[in-house]
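Colleague: sequence and predicted structure, then a few things I'm wondering about:
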Amino acid sequence: MMMQWGQFMSHDMAKTTLQPSANCKTCEPVPSKCIPIKISEKDPNSNFKERKCLKISRSAPVCGTGTPATPRQQLNENTAYVDGSMIYGSSTKDLHKFRDGRTGFLKMDRFNDMMVLPFDHGKCLSAQQCTASFVAGDIRANLFLGLSAMHVLFAREHNRIATELQKLNPGWSGDRLFQEARKIVGAEIQGVLYREFLPKILGNSFAEVIGVYKGYDSSVDATISNEFTTAAYRFGHGMLMVSNITIIARKIDISNHRDLLYPFLRQFF
Ligand code: HEM
Ligand SMILES: [Ca+2]
C-alpha cells in the first residue's frame, strides 16, 4: 500500500512530457532526443549480459530552452500542487471528460454491479479486440492494477461526498457541489500524504524537513524540480514487490493465478 500511495501521489504532482522512445533504436546518442547509458562488459547484473546499453529517450524540452544561455528545462503536464489532479485532470478544458455534465458528480460506469471509472470506448473496438482501459484525470491510471484501484476508490469517494453535500444543501448548483466535493477530496489526499505516508517515509527527519503546518505560504515555489521527478521520487520503484513486477511484465489476469492473487490482496486489503 505504501508503494501504491506513492505512485498515486507522483501522478498528482508530475507528468513530464516524453519524446517517443521509438526514436532511440541504437546505442548511439541522438542529439536532443536519445541519451543511451553504456553497460560495461564487467557489469555483474546477469540481465545486462547481452546488452550494450540502456536506451534512454530524453524528456521533451520546453521551447526556447536548451541553448548555451538557457539551460534545457522540462515541462510538467500536471499541476504540481497536491490537488487530486490525477482524478480531475490538470486543466478546466479537460474537465468535461471526467465530470458528469454540469452536475456535482464524476462520470462513472457500472461494471458487474460495481461503479468504476468510465471505460475508454476507443480502446474497445469489438468483443474480440477490447482492452479494458479507464478514463481518468491522468492517463497513467491504467499503468498498474493497484493504481487503477486507487483511482476508482477516490472517484467513488468524490461521488459519496457530493451525495452527502447535496442532501445537506439541496439549493447548491452543480458547480458548487462539484467544487466543494473536490475540495474535500483534495484535503483527504493531503491528509493521508502528510499524516500517514510522509511520516513513514521520512521517519525521524519528518519533524525537521516538514514540521508542523503553519498555514499556506504563497512565497514557496511549489513547482516540481527535475531532480525530484527524475531521480529522488523514483525511489518508489524500489518498493515494488516481485509479485507486482510479475503482474506488470506478463500482463496477467491475476484472478486465475492464486500464487499472485494472494500476495497482491495481502498488500492492498
Ligand atoms: C506499479 C508500480 C509502478 C510502475 C509500473 C511505474 C512505472 C513508471 C514508468 C513507466 C515511468 C516512466 C519512465 C520514464 O519516463 O522513463 C515512471 C516514472 C515515474 N515514477 Fe513510477 N512506476 C511505479 C511506481 C512508482 C512509485 C511507487 C513511485 C514513487 C513512490 C513512482 C515514481 C515515479 C516518478 C516520480 C516518475 C517520474 C514521473 C514524471 O516525471 O513524469 N513510481 N514510473
Ligand atoms: Ca496536482
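Modeller: Looks like it arrived, so ask away. Numbering: from 1, shown residues only. Ligands and ions are numbered 1, 2, ... in the order given.
Colleague: look up how far residue 134 lies from the closest residue to residue 108 other than its chain neighbours.
Modeller: Closest residue to residue 108 apart from its sequence neighbours, by C-beta to C-beta, 6 or more residues apart in numbering: residue 115 at 4.6 Å. Every C-beta, even on glycine, is put in place using the N, C-alpha and C of the backbone. Using C-beta to C-beta, to the nearest Å, we find residue 115 at a distance of 12 Å from residue 134.
Colleague: so between these two, which is more surrounded?
Modeller: Per other C-beta atoms under 10 Å, whichever of residue 115 and residue 134 has more neighbours is residue 134, with 19 against 13.
Colleague: surely that one and residue 150 touch.
Modeller: No - assessed by C-beta atoms under 8 Å, residue 134 is found out of contact with residue 150, at 11.3 Å.
Colleague: is it true that the residue nearest to residue 108 touches residue 105?
Modeller: No - taking contacts as C-beta under 8 Å, residue 115 lies outside contact range of residue 105: 10.6 Å.
Colleague: ok, back up a step: what is in contact with residue 115 and residue 134 at once?
Modeller: Common contact partners of residue 115 and residue 134 (C-beta atoms under 8 Å, 6 or more residues apart in numbering): residue 152.
Colleague: do stretch 201-211 and ligand 1 come into contact?
Modeller: No - for stretch 201-211, no contact with ligand 1 is found by C-beta under 6 Å from any ligand atom; the gap never falls below 8.4 Å.
Colleague: same question for stretch 225-241.
Modeller: Yes - with C-beta under 6 Å from any ligand atom as the criterion, ligand 1 is reached by stretch 225-241 at 229, 233, 234, 236, 237, 239, 240.
Colleague: columns pLDDT on top of those residues, output as JSON lines?
Modeller: Output for the residues of stretch 225-241 next to ligand 1, formatted as JSON lines (pLDDT from 0 to 100):
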{"residue": "229", "pLDDT": "94"}
{"residue": "233", "pLDDT": "96"}
{"residue": "234", "pLDDT": "95"}
{"residue": "236", "pLDDT": "95"}
{"residue": "237", "pLDDT": "92"}
{"residue": "239", "pLDDT": "91"}
{"residue": "240", "pLDDT": "88"}
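Colleague: I'd like to know which of these are buried.
Modeller: Burial by neighbour count, 16 or more other C-beta atoms under 10 Å: within the residues of stretch 225-241 next to ligand 1 this picks out 229, 233, 236.
Colleague: please name the nearest non-neighbouring residue to the first one.
Modeller: Pointing back at residue 229 there. Closest to residue 229 by C-beta to C-beta, 6+ apart is residue 14, at 4.6 Å.
Colleague: still on that earlier bit, which one of the buried ones among the residues of stretch 225-241 next to ligand 1 is nearest to ligand 1?
Modeller: Nearest to ligand 1 among those is residue 236, at 2.0 Å by C-beta to the nearest ligand atom.
Colleague: tell me the SS of the closest one?
Modeller: helix (DSSP: H, G, I helix; E, B strand; the rest coil).
Colleague: hmm, it is touching residue 8, no?
Modeller: No - Residue 236 is beyond contact range of residue 8, at 10.3 Å (criterion: C-beta under 8 Å).
Colleague: follow-up on the earlier one: might one say that the residue nearest to residue 229 is in contact with residue 74?
Modeller: No - with contacts defined as C-beta under 8 Å, residue 14 does not count as touching residue 74, sitting 9.4 Å away.
Colleague: quick one: the strands in the stretch 101-250 of the chain?
Modeller: Under the criterion DSSP state E, counting those that start in this stretch, strands of the stretch 101-250 of the chain are mapped to 109-111, 114-116.
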